[in-house]
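Colleague: Sharing a sequence plus its predicted fold:
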Amino acid sequence: AQKVTQAQTEISVVEKEDVTLDCVYETRDTTYYLFWYKQPPSGELVFLIRRNSFDEQNEISGRYSWNFQKSTSSFNFTITASQVVDSAVYFCALSESSGGYQKVTFGTGTKLQVIP
Amino acid sequence: EAGVAQSPRYKIIEKRQSVAFWCNPISGHATLYWYQQILGQGPKLLIQFQNNGVVDDSQLPKDRFSAERLKGVDSTLKIQPAKLEDSAVYLCASSLGISTNEKLFFGSGTQLSVL
């Protein structure tokens, strides 16, 4: 069973629009972390945000915000006032403990295109 | 601080040939990961090292793939012999420790095309 689901394959928005990327995860662990990574055309995945399973307080960091709801196993990511430089593939990832080590599972990604 | 270094950036080979990829993680990072990313998909873990020991290679096709991290620093991933379905980007990542809150730092990847 897929552990991290990103149902949106591609999204296109016009510059300055807000956009929300959806992520649904599955785990039996009570302690875990959720991440969002960005993969620009250059190919290198870059860490954006992380949230632990015990903290459902939603936060805003600059133009980024995230909505973590444990009851629905969702960890959605919003970019406010999108810019062309936000065009990239965004990956949601689940980090669990496996045999005492970190095990990270990525979703299939959502390709975001911001049109000027 | 230098990032994760990978080489080569691109590689084109014919099926049944061999290929090797190299990765040098961020200095001091104990954990090293090799991921395979097929076009349009998310990264899939192939193998994970903690220092020079393997902690997870459950998804590594061991009949053709091998990896080593002999001195607990840089690592090499080899495919022998390559198949058409091995065409993908091979990503190396590293993290400081083993906790579930560790963020991963990625290299730019090696894009492999098998013809």
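Modeller: Arrived safely, thanks for sending.
Colleague: count of neighbours near the closest residue to B:Glu102 other than its chain neighbours?
Modeller: Nearest residue to B:Glu102, sequence neighbours excluded (CB to CB, 6 or more residues apart in numbering or on different chains): B:Ser95, at 4.0 Å. To be clear about C-beta, it is placed using only N, CA and C from the backbone, and glycine gets the same treatment. Using other CB atoms under 10 Å in any protein chain shown, B:Ser95 has 22 neighbouring residues.
Colleague: pretty sure B:Ser95 is in contact with B:His29, am I right?
Modeller: Yes - contact criterion CB atoms under 8 Å: B:Ser95 and B:His29 qualify, at 6.0 Å.
Colleague: re the thing from before, quick one: residues contacting the residue nearest to B:Glu102.
Modeller: Applying CB atoms under 8 Å, 6 or more residues apart in numbering or on different chains, one finds that B:Ser95 lies in contact with A:102, B:29-31, B:33, B:102-105.
Colleague: Work out the gap between stretch B:82-92 and the centre of the chain.
Modeller: 10 Å (CA atoms, centre = their mean, to the nearest Å).
Colleague: can I get the CA coordinates of that stretch in PDB?
Modeller: Below are the C-alpha coordinates for stretch B:82-92, written out as PDB (Å, rounded to 0.1, in the frame of the first residue of the first chain):
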ATOM      1  CA  ALA B  82      22.300  -2.700 -16.800                       C
ATOM      2  CA  LYS B  83      18.700  -3.100 -18.200                       C
ATOM      3  CA  LEU B  84      16.500  -0.700 -20.100                       C
ATOM      4  CA  GLU B  85      14.300  -0.300 -17.000                       C
ATOM      5  CA  ASP B  86      17.300   1.100 -15.000                       C
ATOM      6  CA  SER B  87      17.000   4.300 -16.900                       C
ATOM      7  CA  ALA B  88      16.400   6.900 -14.200                       C
ATOM      8  CA  VAL B  89      18.000   9.600 -12.100                       C
ATOM      9  CA  TYR B  90      20.100   8.200  -9.200                       C
ATOM     10  CA  LEU B  91      20.100  10.500  -6.200                       C
ATOM     11  CA  CYS B  92      22.400  10.500  -3.300                       C
END
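Colleague: burial count for residue 15?
Modeller: Chain wasn't specified; assuming chain A. 13.
Colleague: if you could check chain B rather than the one you did, that'd help
Modeller: Neighbours around B:Lys15, by other CB under 10 Å: 13.
Colleague: now for the helix or strand bottoming out on mean pLDDT in chain A, which elements pack on it?
Modeller: Lowest on mean pLDDT, DSSP states H and E among the helices and strands of chain A sits strand A:59-61, with a mean of 78. The contact analysis (3 or more CB pairs under 8 Å, 6 or more residues apart in numbering or on different chains; DSSP states H and E) places strand A:59-61 against no helix or strand.
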